[in-house]
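Undergrad: could you work out the structure for the sequence below:
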Amino acid sequence: MSQNLPARPSDRAALLSIKASLNEPYLGIFKSWSGPDCCQDWYGVTCDDARRVAEINLRGESEDPIFERAHRTGFMTGSLSPDICKLDRLSTLTIADWKGISGVIPECITSLILLHHLDLVGNQITGKIPSLIGQLKELTVINLADNALTGSIPPSLVNLARLMHLDLRNNKLSGELPSEMGRLQMLSRALLSGNQLGGPFPASIANIYRLSDLDLSLNRLSGEIPDVFDKMPVLSTLNLDGNMISGQLPKSLLRSSVSILNLSRNGLEGQLPDMFGPRSYFTALDLSYNRLSGEIPKSISSAAYIGHLDLSHNHLCGPIPNGAPFDHLEATSFAFNNCLCGKPLGSRC
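TA: Residues are numbered from 1 along each chain as shown. Next up, the predicted model:
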């Protein structure tokens, strides 16, 4: 019965306002946004059973035939109309990878309480992340990467108890990470690299039981890394390279589930913990460009696997241990240390 109902006129008017604020010159994706029923064959628009607009899916990089016929990816300029907030049944908003969309994220977007998927990646959006974004309790995905967002991460973000994927990479965000990030209990991926985030690594992150991928590289984090990684059973990737982190390498990191660990280009000091064992499995372990000293612990020979190892540009000394993890490594993995010796450097101990 509802399929015979016309779409709500206010939804159609809001979509036409969105169309008017955007300019897509090459593909003509908005040509279909013209009929009387916005639930009928409007490109990227999906309605629910009540004939209300529920999803907007507009991707500038897609395998859709409209892109293949044009032999190009999408390009769009303009900005996001605040009238998007009139679509009060919207659950998915994807306007991604158009490269030229600028302006700000309308603050009123925080009134769309059914929104569970927000994806504006790959544009030139400026301004701040809406301060009340924590009101959107249904959000499971936030992808605002590859824009020009400024300001800090809103403290209210930690209220998003269902959030599973957070991607804010490659913006101009500053300030500290919210100290209560550990409240994001469902979060599995937190990708925040390439910003200007400072302050300490929040110890509360250890409370995110499901977190598997944490990327805070290329920021301005300082202080020590808390020794909490034995509480994170599924964390497999940890990238903290290119910060200003000091102190010693946490022992729990070397006996954790992390298999890709990059702590290069920081200010880590002290000795490598002698904590390797048969459960140590590293696809990549990069500790280069730090201030680590002392010897490479002999226990590293007992590691189950080390695919890529880089200990270069430190102050390490003494013999490089023998064993399977080192058989395939080259001299560059150990170069520019104080007095390392042995295979594969070619210098006798």
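Undergrad: grab the most central residue of the chain for me.
TA: Taking CA atoms, centre = their mean, the centroid of the chain lies closest to Leu191, which sits 1.8 Å from it.
Undergrad: you'd agree Trp98 is up against Ser79?
TA: No. With contacts counted by CB atoms under 8 Å, Trp98 stays clear of Ser79, the gap being 11.3 Å. (C-beta placed from N, C-alpha, C; glycine too.)
Undergrad: higher neighbour count, the two?
TA: Trp98 (23 against 19; other CB atoms under 10 Å).
Undergrad: where does this protein dip in pLDDT?
TA: Along the chain, the model assigns pLDDT under 70 to residues 1-4.
Undergrad: now with 80, please.
TA: Filtered on pLDDT under 80, the chain yields the residue ranges 1-6, 323-327, 346.
Undergrad: where do the helices sit along it?
TA: Secondary structure of the chain by DSSP state H: the helices cover 9-20, 65-70, 251-254.
Undergrad: hey, which of these is tucked in deepest?
TA: Greatest average neighbour count among the helices of the chain goes to helix 251-254 (a mean of 20), per mean count of other CB atoms under 10 Å.
Undergrad: could you export that helix as CSV, CA atoms only?
TA: The C-alpha coordinates for helix 251-254 follow below in CSV (Å, rounded to 0.1, in the frame of the first residue of the first chain):
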residue,chain,number,x,y,z
LYS,A,251,56.4,-4.5,28.1
SER,A,252,52.7,-5.4,27.5
LEU,A,253,53.1,-4.4,23.8
LEU,A,254,55.5,-7.2,23.1
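Undergrad: so which of the helices of the chain comes closest to Ala161?
TA: helix 251-254 (26.3 Å; CB to CB).
Undergrad: contacting residues around the closest one?
TA: Ile225, Asp227, Val228, Phe229, Asp230, Leu238, Leu261, Pro273, Met275, Phe276, Ser280 (CB atoms under 8 Å, 6 or more residues apart in numbering).
Undergrad: go again using 10 Å as the cut-off
TA: Contacts made with helix 251-254 from outside it, assessed by CB atoms under 10 Å, 6 or more residues apart in numbering, are listed as 206, 225-232, 235, 238, 258, 261, 263, 272-277, 279-280, 282, 285, 297, 299-300, 303.
Undergrad: number of nearby residues for Pro25?
TA: Pro25: 9 neighbours (other CB under 10 Å).
Undergrad: now Pro278
TA: 8.
Undergrad: if I look at Gly307, how far off is Ile296?
TA: For Gly307, the distance to Ile296 (CB to CB, to the nearest Å) stands at 17 Å.
Undergrad: comparing these two, which residue is more hemmed in?
TA: Ile296 (26 against 14).
Undergrad: list the residues that contact that one.
TA: For Ile296, the contact set (CB under 10 Å, 6+ apart) comprises 271-272, 274, 276, 309, 311, 314, 316-321, 326, 334, 337, 340, 342.
Undergrad: can you select the buried ones from those residues in ChimeraX?
TA: Command for ChimeraX that selects the buried part of these, burial taken from 16 or more other CB atoms under 10 Å:
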select :272,276,309,311,314,316,318,320,321,326,334,337,340,342
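Undergrad: which of the contacts of Ile296 fall within strands?
TA: Counting by DSSP state E, the part of the contacts of Ile296 found in strands is Gln271, Leu309, Leu316, Cys317, Gly318, Pro319, Leu340.
Undergrad: which ones are touching the first one?
TA: Translated: Gln271. Taking CB under 10 Å, 6+ apart, one finds Gln248, Leu249, Leu292, Ser293, Gly294, Glu295, Ile296, Pro297, Leu316 in contact with Gln271.
Undergrad: filter those down to the buried ones, PyMOL style.
TA: Buried subset of these, written as a PyMOL selection, criterion 16+ other CB under 10 Å:
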select buried, resi 249+292+295+296+297+316
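Undergrad: beta partners for the closest residue in space to His117 that isn't next to it in sequence?
TA: Distances taken as CB to CB, 6 or more residues apart in numbering place Thr92 nearest to His117, at 4.2 Å, with adjacent residues excluded. Going by DSSP bridges, Thr92 is paired in beta bridges with Glu55, His117.
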